[in-house]
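Trainee: Turn this into a model:
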Amino acid sequence: MIEPRPHQATAGGADSPSSADIRRWRQYLADERAEAAVYRDLASHRKGEEREILLALAEAEGRHEAHWLELLGDEVGKPRRADFRTRALGLLARRFGSVFVLALAQRAEARSPYEEDLDATPTMAADERIHEEVVRGLAARGRNRLSGTFRAAVFGANDGLVSNLSLVLGISASGVANNVVLLTGLAGLLAGALSMGAGEYVSVRSQRELLEASTPGSHTHTVLPQLDLDANELALVYRARGMEPAAAEAHAAEVLGRPLPDVADVPSVVEVDEHEAIGTGLGAAVSSFCFFGSGAVIPVLPYLFGLSGLTAVVVAAVLVGLTLLATGATVGLLSGASPVKRGLRQLAIGYGAAAVTYLLGLLLGTGTV
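Mentor: Below is the predicted model:
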């Protein structure tokens, strides 16, 4: 049983909680039950250790539920609905159980009011902080499992949106004919998509080659029996990988004392970025090409459908703005940050770049839109 804080059993007095206290406790009770259900739903989509961790979190929320039940006593009343955020999180957990839901759960744990509420115990407040870190760790696992092609897709689409909107608005503001704006937009789409695809292919291939060059040679263990035990040059291998001299000497002595040891048994201190290590260069290139193109085509759509002048500019800006909000929110969810803030930041950056080129088009153009 979780004991209340010793200096204050209830906010309204030990024997007579106020109606406001009862309402607050009932809401806490509903939220704890809903959060426990979220973790159970997330666990149903997972196996092994992650499932066990999520079920343990659900059990911890059950202990918090028991605290509010004890304080309420006969005043439990009818079950209440959890707050909107928790209910929305539960719906997503039942339907998807993805890294996005974990990122939202992480933010929900960070908003716990227990540190300021005297009717919650210090243990409960500490639990919520630890839960935030546990969920952060689980979300980080999910982010690491996302392939390089997914990352290329999100950022490729955003690059296509901003670069081609800027290009189209700048050319449109110069006063050229509608067909010229359309042709320019399509050319920018193709050129940018090819450039992104080629760049991503080179980047991923180069990274994989660097990782392969850092991998210990598989043949090295065959020379160990011939090493000079007094010189112990094997220790140099471990020191080169980042071990302290004393630790390197000790481990080398241990390895040399085993039959046919493998020199690759000590992990390198070089961290491998799973975003780069997973996925092929060709997959990343195709993904970048397609998603840059899908982003870059949006500013061109009004001109493809025959709009022109200021109408086409406004429609293109609105379409791109909505898409920037969506991609920014996606990045925010993946990073565990506020999707609203990330979306608005993405929108401000995109519109800022487009506004600069539009003004340049007005200044340097042959006419007005």
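
Trainee: Against which helices or strands is the lengthiest helix in the chain packed?
Mentor: For the chain, the helix with the greatest residue count under DSSP state H is helix 178-214. Here helix 178-214 touches helix 148-173, helix 274-277, helix 281-296, helix 301-304, helix 309-335, going by 3 or more CB pairs under 8 Å, 6 or more residues apart in numbering; DSSP states H and E. Quick note: C-beta positions are derived from backbone N, CA and C, even for glycine.

Trainee: how far is the last one from where the chain is centred?
Mentor: Taking the mean C-alpha point of helix 309-335 and that of its whole chain, the gap between them comes to 20 Å (CA atoms, centre = their mean, to the nearest Å).

Trainee: Just want the angle from that helix to helix 178-214.
Mentor: 20 degrees (axes from the mean of the first three to the mean of the last three CA atoms, to 10 degrees).

Trainee: Go through helix 309-335 and flag the buried ones.
Mentor: For helix 309-335, the buried set under the neighbour-count rule, 16 or more other CB atoms under 10 Å, comprises 312-313, 315-317, 319-321, 323-325, 327-334.

Trainee: Kindly report the same for the third one.
Mentor: Neighbour-count burial for helix 281-296 flags 281, 283-296 (criterion: 16+ other CB under 10 Å).

Trainee: ok, so of those residues, who is nearest residue 164?
Mentor: Among the buried residues of helix 281-296, residue 296 lies closest to residue 164 (CB to CB), at 3.9 Å.

Trainee: correct me, but the closest one touches residue 193?
Mentor: Yes - Residue 296 lies in contact with residue 193 (CB atoms under 8 Å); the separation is 6.7 Å.

Trainee: can you list residues touching both of those two?
Mentor: residue 160 (CB atoms under 8 Å, 6 or more residues apart in numbering).

Trainee: Could you measure from the closest residue to residue 173 other than its chain neighbours over to residue 34?
Mentor: Spatial nearest neighbour of residue 173, excluding adjacent residues (CB to CB, 6 or more residues apart in numbering): residue 361 at 3.0 Å. Separation of residue 361 from residue 34 (CB to CB, to the nearest Å): 52 Å.

Trainee: Touching stretch 163-182 from outside, list them.
Mentor: Contacts of stretch 163-182 with the rest of the structure, by CB under 8 Å, 6+ apart, involve 184-185, 188-189, 192, 295-300, 303-304, 308-309, 312-313, 316-317, 320, 350, 353-354, 356-362, 364-369.

Trainee: returning to what we had before: how about the helices and strands packed on helix 178-214, which one is nearest residue 84?
Mentor: helix 309-335 (17.4 Å).

Trainee: which parts of the next helix or strand after that closest one are buried?
Mentor: Sequence-wise, the next helix or strand downstream of helix 309-335 (DSSP states H and E) is helix 339-364. By 16+ other CB under 10 Å, the buried positions in helix 339-364 come out as 339, 342-347, 350-351, 354, 357-358, 361-362.

Trainee: could you say what helices and strands helix 339-364 packs with?
Mentor: helix 148-173, helix 309-335.

Trainee: got JSON lines for the helices and strands packed on helix 178-214, with mean pLDDT too?
Mentor: Below are the helices and strands packed on helix 178-214 laid out as JSON lines (pLDDT from 0 to 100):
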{"stretch": "helix 148-173", "mean pLDDT": "83"}
{"stretch": "helix 274-277", "mean pLDDT": "42"}
{"stretch": "helix 281-296", "mean pLDDT": "83"}
{"stretch": "helix 301-304", "mean pLDDT": "92"}
{"stretch": "helix 309-335", "mean pLDDT": "87"}
